[in-house]
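Trainee: I'll drop the sequence and a predicted model, then ask my questions.
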Amino acid sequence: MISNKTIKWIIALVLISIFAILYRTYNPGENNYFPKCPFKELTGLKCPGCGSQRAIHHLLNLDLRDAIKENALLVVSIPYLIVGLAFELLKNPGENTLKWRRILYGKKAIIVVLIIIIAFWISRNFGNF
């Protein structure tokens with residue numbers, strides 16, 4: 001019998017695969033089927049996530065330059081997110097691993113990430129980013 005955890009992982013992988021195929025095939029910037037940013041629609045300003053769908057499309061098509069143009073923060077955050085997922089999936093992390101997890105994902109790290117997001121948000125609307 002397949003466990004509930006296995007079923008959840010299978011469902012997650014199937015959904016991720018479907019979205020990857022859709023985002024690789026169709027450019028969200030050229031199709032109206034993809035959701036628009038409500039913040040940008042209301043204010044005309046870009047939120048920190050604006051361009052993420054287009055960046056994912058470009059990444060899936062191995063176009064790093066255009067992905068960075070659409071949303072540099074998303075592109076540079078992917079390795080950070082992968083490391084965080086790896087930390088979560090470790091069954092019995094050692095003391096050294098736990099130390100790095102606290103450094104990279106502890107309270108101070110959360111504040112640094114928040115500052116980076118806010119700085120990116122401001123710079124992309126009022127700077128040249």
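Mentor: Now that the structure is in, tell me what you want to look at. Residues are numbered from 1 along each chain as shown.
Trainee: When you work out contacts or count neighbours from here on, use the C-alpha atoms and nothing else.
Mentor: Will do.
Trainee: For the residue nearest to the spatial centre of the chain, what is the enclosing helix or strand?
Mentor: Closest residue to the average C-alpha location of the chain: residue 74 at 5.1 Å, with C-alpha atoms, centre = their mean. Assigned by DSSP states H and E, residue 74 falls within helix 64-89.
Trainee: likewise residue 42?
Mentor: Residue 42 belongs to helix 38-43, assigned by DSSP H and E.
Trainee: got a list of contacts for that helix?
Mentor: Residues from elsewhere that reach helix 38-43, judged by C-alpha atoms under 8 Å, 6 or more residues apart in numbering: 45, 46, 47, 50.
Trainee: measure the nearest residue to the first one once chain neighbours are set aside to residue 72 for me?
Mentor: What that stands for is residue 45. Once flanking residues are discounted, residue 45 sits nearest to residue 125: 6.3 Å by C-alpha to C-alpha, 6 or more residues apart in numbering. For residue 125, the distance to residue 72 (C-alpha to C-alpha, to the nearest Å) stands at 14 Å.
Trainee: who's more crowded, these two?
Mentor: For residue 125 and residue 72, the more surrounded residue by other C-alpha atoms under 10 Å is residue 72, and the numbers stand at 20 against 14.
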